[in-house]
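**Student:** Give me the fold of what follows.
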Amino acid sequence: MSLTDVIEATRAAASVDPKNVAVQFSVDHEHVAGTATVVDVKVRDHQFTVDEPGALGGTDKAANPVEYALASLGSCQVITYRFWAAKLGIPLDTVKVTVSGDLDLHGFFGFDEAVRPGFAGVQVQVELSGPADPAKYEELKQQVDEHCPVLDLFRNPTPTSTTLV
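**Tutor:** Okay, here's the model as predicted:
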């Protein structure tokens, strides 16, 4: 099924009932050793490991949480560029994305309460290639910036609650 087919099928499902396109994603996490954590993606039966480098007490067997956050942003950008290029009919040969984040560990370790524990800044560099006019790729970038779900998470506060059970 092409991305255009996916877009049209989703549009048709939404027109029948808006609840058809309201989805929930869920993952379970379990500590295994040191800082290593196994993540189970519910419903779709995927699993991956998260760890820290040795300098942060881990075994360096996998990417750490902030690296996965950057990976989530970059991969969501690639996917969103592909969907929106298909939707807008803009030919796109390749999409390459590099995401970097600036993090000061003073915040994570509580050494300085004035420093936030998360990223102080994130930079996204996108390289597109294809036969379209550069103005079309700028139009595509604007649509991706408006519709990328993970970029939205980085840019906007999201209501979040934590419960001990």
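**Student:** G107: what's it in contact with?
**Tutor:** 115-118 (Cβ atoms under 8 Å, 6 or more residues apart in numbering). No exception for glycine: its C-beta is placed from N, CA and C like everyone else's.
**Student:** buried sites along the host helix or strand of it?
**Tutor:** Assessed by DSSP states H and E, G107 sits inside helix 105-109. By neighbour count on 16 or more other Cβ atoms under 10 Å, the buried set for helix 105-109 is G107.
**Student:** And the next helix or strand past that helix?
**Tutor:** Next along the chain after helix 105-109, with elements defined by DSSP H and E, is strand 121-129.
**Student:** buried stuff in that next one?
**Tutor:** 122, 124, 126, 128.
**Student:** What's the per-residue pLDDT of the last one here?
**Tutor:** At L128 the predicted local confidence, pLDDT, stands at 98.
**Student:** and what of V78?
**Tutor:** 98.
**Student:** One more: L88?
**Tutor:** 98.
**Student:** Pull the contacting residues for it.
**Tutor:** Counted by Cβ under 8 Å, 6+ apart, L88 has contacts 136, 139-140, 143.
**Student:** Put the buried members of those residues into a ChimeraX selection.
**Tutor:** To isolate the buried members of the contacts of L88 in ChimeraX, using 16+ other Cβ under 10 Å:
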select :136,140,143
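**Student:** could I get the contacts of L88 as CSV with distance to A33 and pLDDT?
**Tutor:** Output for those, formatted as CSV (distance: Cβ to Cβ, whole Å; pLDDT from 0 to 100):
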residue, distance to A33, pLDDT
K136, 50, 98
E139, 49, 98
L140, 44, 98
Q143, 44, 98
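**Student:** Switch the contacts of L88 over to a markdown table; also include secondary structure.
**Tutor:** Below are those laid out as a markdown table (DSSP: H, G, I helix; E, B strand; the rest coil):
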| residue | secondary structure |
| --- | --- |
| K136 | helix |
| E139 | helix |
| L140 | helix |
| Q143 | helix |
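**Student:** closest to V38 among the contacts of L88?
**Tutor:** Q143 (36.2 Å; Cβ to Cβ).
**Student:** Wait, the closest one touches W84, no?
**Tutor:** Yes: applying Cβ atoms under 8 Å, one finds Q143 in contact with W84, separated by 4.6 Å.
**Student:** Quick check: which ranges of this protein have low pLDDT?
**Tutor:** Residues of the chain meeting the criterion pLDDT under 70: none.
**Student:** and the next element down the chain from the longest helix anywhere in the chain?
**Tutor:** Secondary structure of the chain per DSSP state H: the longest helix is helix 65-88. Going down the chain from helix 65-88, the next helix or strand is strand 94-102, by DSSP H and E.
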